[in-house]
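Trainee: Provided below are the primary sequence and the corresponding predicted coordinates.
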Amino acid sequence: MTNDQLISQLIAVHGEDHVAVNERKAEHYRTGWRSGGGSALGVVFPQTLYAFWQTLELCVEADCIMIMQAANTGLTEGSTPSGEDYDRDIVIINTLAMDQLIVLGEGERKGEQVVSFAGATLHKLEKTLKPFNRAPHSVIGSSCLGASIVGGIANNSGGALVKRGPAYTELSLFAQVDSKGKLHLVNHLGIELGDSPKEILTNLEHQRFDANELACDKKASASDYQDLLRDIDADTPSRFNADTNRLYESSGCAGKLAVFAVRLDTFTVAKKEQTYYIGTNDPSVLTQLRRDVLGNFKNLPEVGEYMHREIFDVAAKYGKDTFLSIEKLGTDRLPKLFALKGRVDATLNKIPFLPKYLTDHVMQFASKFFPQHLPERLLQYREDYEHHLILKMSDGGIEEANQYLAEFFSQHTDSSGYFICDEQEASKAYLQRFAAAGAAIRYQTLHAKKLGDILALDIALRRNDPLWLEELPDAIADKIDKCLYYGHFFCYVFHQDYVLKKGVDGKQLKKDMLALLDSRGAKYPAEHNFGHLYEAEEAVKAFYRKLDPTNRFNPGIGQMEKHKRNCSCG
């Protein structure tokens with residue numbers, strides 16, 4: 001099949017409006033959220049599950065590479081082409097239109113599980129579950145609005161909710177190309193849907209099955225995570241992308257399968273919540289607090305988010321427009337606005353006399369005209385303390401925290417303090433934390449003429465590591481303009497963004513940083529997955545090869561080979 005024949009047949013299946021071959025129209029989908037990108041024959045937007053299957057059939061017949069993409073919010077270049085050194089043409093399959101959610105269960109158990117199609121987002125799931133007093137694995141997206149549910153499963157993504165661990169399920173519906181190059185549809189949802197691909201996919205889409213039945217012997221969440229987290233003396237991290245215990249079919253597949261749907265547990269919503277804002281100038285205070293809470297509390301926290309003073313400042317200034325947009329506009333409209341921003345930037349960046357990412361310059365300038373958006377007590381803690389922790393407890397954990405914090409901080413009045421947030425302070429503290437990741441990028445973007453690249457690492461420390469705050473040797477520290485630390489403190493998963501000085505070799509510095517992390521027993525990446533920026537460990541590479549023996553899906557991921565593998569002998 002020629003390229004022209006393939007495009008013609010894809011248009012016949014989807015219609016011209018849902019196949020983008022024009023380079024300008026496809027650019028947004030060929031370019032990574034932070035970095036990366038490459039050429040593609042086209043971008044296809046299936047509107048139904050069966051049309052998705054037909055797309056895969058055509059691409060396999062045409063011997064094309066297939067890259068699965070939902071919201072394209074990955075931070076390690078994992079859902080776009082990377083470079084121009086592939087041996088076959090690439091078709092990007094964007095799944096966002098297939099965003100149906102099916103609520104399972106009946107009576108009091110209604111909503112205990114859901115089936116999510118490939119394009120459904122965390123935000124939509126949160127809204128869908130609200131009437132059932134249930135909540136999803138994660139909320140708002142780890143680093144940006146619009147993150148998809150299946151994208152989280154495919155990357156074992158974590159998040160800010162302490163109790164729930166990495167996104168995980170053993171129940172999914174996916175397509176796979178075997179060692180002889182033949183495409184198969186595999187139904188492991190634990191739901192009887194029929195035999196042929198058309199029958200299975202149309203029955204699921206039209207909900208022709210008993211949605212009241214929940215019985216199943218497979219996991220639909222990382223139900224053992226709380227026990228792992230409480231093992232504070234273990235010499236390994238609690239969650240990280242190379243953990244082979246979390247690699248199961250679609251879970252951790254990193255786009256090496258075409259995932260149609262996943263079945264997931266949901267979680268009860270707390271009846272009451274209380275947020276505490278903690279500040280200290282002594283990192284060992286937070287070390288002890290973490291060990292006490294995980295080791296002794298009957299009730300684990302809902303949230304425990306860390307911010308260093310440096311990222312607090314950057315988020316306050318360069319994340320102000322994001323903060324205000326969410327606060328004033330809500331989260332419903334913002335994914336589309338961010339997507340529009342990406343398309344506008346892609347167009348304007350081609351105009352030579354305009355600065356790169358002009359929208360960032362405009363939004364940053366506009367934010368200056370708005371009044372101070374952070375509460376007075378948060379600003380005072382910024383002045384008084386270097387390290388900040390946002391702690392949320394629920395139900396029975398509130399009384400535990402009240403007693404513990406009063407006693408604990410009475411012994412540390414010289415270096416530390418805390419206060420109980422009112423509703424507004426709590427909301428704004430979380431928004432400030434959410435704005436941090438984008439603010440780091442904004443800071444580097446607006447100062448690109450004076451600064452070097454941004455090196456973004458997400459790392460998982462050993463659960464028993466007493467020195468969670470790194471100390472960089474002078475040879476590394478002298479090359480960095482800003483070290484921006486924030487993360488999920490109780491899970492010991494940290495996002496560490498380094499804005500480099502002008503002229504610094506970012507690739508070499510990354511090697512030096514990773515060697516330093518290796519010496520500490522840390523794992524990386526912790527939750528954003530390998531993408532094209534990290535080399536996968538051998539056990540993960542073996543998992544990818546098992547899922548995709550001929551290298552049809554997302555080749556090059558984990559810095560593996562991009563060429564076709566002929567595995568028919570296997």
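Mentor: Right, received. Where do you want to start?
Trainee: For the residue nearest to Thr95 when sequence neighbours are not counted, give me the pLDDT.
Mentor: The shortest distance from Thr95 to any non-neighbouring residue, by Cβ to Cβ, 6 or more residues apart in numbering, is to Ala118 (3.7 Å). C-beta here means a position set from N, CA and C on the backbone, and glycine is covered the same way. Per-residue confidence (pLDDT) for Ala118: 97.
Trainee: got a list of what Ala118 touches?
Mentor: Ala118 is in contact with 52, 68, 70, 95, 98, 148, 150, 259-261, counting by Cβ atoms under 8 Å, 6 or more residues apart in numbering.
Trainee: Neighbour count and pLDDT added to these, as a markdown table?
Mentor: Below are those laid out as a markdown table (neighbours: other Cβ atoms under 10 Å; pLDDT from 0 to 100):
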| residue | neighbour count | pLDDT |
| --- | --- | --- |
| Phe52 | 27 | 98 |
| Met68 | 26 | 97 |
| Ala70 | 26 | 92 |
| Thr95 | 25 | 97 |
| Met98 | 23 | 98 |
| Ser148 | 29 | 90 |
| Val150 | 28 | 96 |
| Val259 | 26 | 98 |
| Phe260 | 30 | 98 |
| Ala261 | 28 | 98 |
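Trainee: So which of those belong to strands?
Mentor: Among the contacts of Ala118, the ones falling in strands (DSSP state E) are 68, 259-261.
Trainee: Out of those, which is nearest to Ala439?
Mentor: For the ones in strands among the contacts of Ala118, the minimum distance to Ala439 (Cβ to Cβ) is 29.3 Å, reached by Met68.
Trainee: following the lowest-mean-pLDDT helix or strand in the chain, which helix or strand comes up?
Mentor: Lowest by mean pLDDT, DSSP states H and E among the helices and strands of the chain is helix 334-348, with a mean of 75. Per DSSP states H and E, helix 334-348 leads on to helix 358-367 as the next helix or strand towards the C-terminus.
Trainee: Start and end of stretch 92-112, how far apart?
Mentor: 33 Å (Cα to Cα, to the nearest Å).
Trainee: same question, stretch 447-467
Mentor: 32 Å.
Trainee: ok, and for that stretch, which residues are buried?
Mentor: 451-463 (16 or more other Cβ atoms under 10 Å).
Trainee: Let me have these in TSV, extended by secondary structure and pLDDT.
Mentor: Formatted as TSV, the buried residues of stretch 447-467 follow (DSSP: H, G, I helix; E, B strand; the rest coil; pLDDT from 0 to 100):
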residue	secondary structure	pLDDT
Leu451	strand	96
Gly452	strand	95
Asp453	strand	93
Ile454	strand	92
Leu455	strand	94
Ala456	strand	92
Leu457	strand	94
Asp458	strand	93
Ile459	strand	96
Ala460	strand	97
Leu461	coil	98
Arg462	coil	98
Arg463	coil	98
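Trainee: Which of those residues sits closest to Ala439?
Mentor: The nearest one, if we look at the buried residues of stretch 447-467 relative to Ala439 and count by Cβ to Cβ, is Ile454, at 11.3 Å.
Trainee: So that closest one versus Lys541, what's the distance?
Mentor: 27 Å (Cβ to Cβ, to the nearest Å).
Trainee: Going by neighbour count, list what's buried in the longest helix seen in the chain.
Mentor: Longest helix in the chain, counting residues (DSSP state H): helix 423-446. Of the residues in helix 423-446, 425-426, 428-446 count as buried by neighbour count, 16+ other Cβ under 10 Å.
Trainee: what does stretch 412-421 give?
Mentor: 412, 415-419, 421.
Trainee: Also stretch 264-281?
Mentor: Buried, per 16+ other Cβ under 10 Å, within stretch 264-281: 264-266, 270, 273-280.
Trainee: that older thread, out of the buried residues of stretch 447-467, which one sits closest to Asn155?
Mentor: Asp458 (11.2 Å).
Trainee: Which strand residues bridge that closest one?
Mentor: His495 (DSSP bridges).
Trainee: Check the spacing between it and Trp33 real quick.
Mentor: From Asp458 to Trp33 the distance is 14 Å (Cβ to Cβ).
Trainee: Give the intersection of the neighbour lists for the two.
Mentor: By Cβ under 8 Å, 6+ apart, the residues touching both Asp458 and Trp33 are Leu75.
Trainee: can you tell me which residues contact Ala315?
Mentor: Ala315 is in contact with 307, 323, 432-433, 435-436, 439, counting by Cβ under 8 Å, 6+ apart.
Trainee: ok, the closest residue to Asn299 other than its chain neighbours - contacts?
Mentor: Using Cβ to Cβ, 6+ apart and skipping residues adjacent in sequence, the residue nearest Asn299 is Gly397, 3.2 Å away. Counting by Cβ under 8 Å, 6+ apart, Gly397 makes contact with 297-302.
Trainee: let's see 10 Å
Mentor: Under the criterion of Cβ atoms under 10 Å, 6 or more residues apart in numbering, the contact list for Gly397 reads 270, 272-274, 293, 297-302, 391, 404.
Trainee: With secondary structure and distance to Pro237 added, can I get those residues in a markdown table?
Mentor: Below are the contacts of Gly397 laid out as a markdown table (DSSP: H, G, I helix; E, B strand; the rest coil; distance: Cβ to Cβ, whole Å):
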| residue | secondary structure | distance to Pro237 |
| --- | --- | --- |
| Ala270 | coil | 27 |
| Lys272 | coil | 31 |
| Glu273 | strand | 27 |
| Gln274 | strand | 28 |
| Val293 | helix | 18 |
| Phe297 | coil | 21 |
| Lys298 | coil | 24 |
| Asn299 | coil | 23 |
| Leu300 | coil | 17 |
| Pro301 | coil | 18 |
| Glu302 | coil | 21 |
| Leu391 | strand | 21 |
| Tyr404 | helix | 25 |
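Trainee: List just the nearest of these to His137.
Mentor: For the contacts of Gly397, the nearest to His137 is Glu302 (13.0 Å; Cβ to Cβ).
Trainee: Counting neighbours, what do you get for that closest one?
Mentor: When neighbours are counted by other Cβ atoms under 10 Å, Glu302 registers 21.
Trainee: contacting residues for it?
Mentor: 135, 160-164, 270, 273-275, 391-395, 397.
Trainee: do Ala258 as well
Mentor: 52-53, 55-56, 59, 66, 68, 93, 95, 118, 173-177, 183, 185, 250, 552-554.
Trainee: so of the residues you listed, which ones are in strands?
Mentor: 66, 68, 93, 173-177, 183, 185.
Trainee: Name the nearest of these relative to Asp505.
Mentor: Met68 (32.9 Å).
Trainee: Okay, and the beta partners of that closest one?
Mentor: Beta-bridge pairing of Met68, defined through DSSP bridges, involves Ile93.
Trainee: before we move on, what about Gly304?
Mentor: Leu391.
Trainee: Just the local confidence number for it, please.
Mentor: 97.
Trainee: residue contacts, it?
Mentor: 160-162, 276, 278, 286, 289-290, 293-294, 389-393, 487-491.
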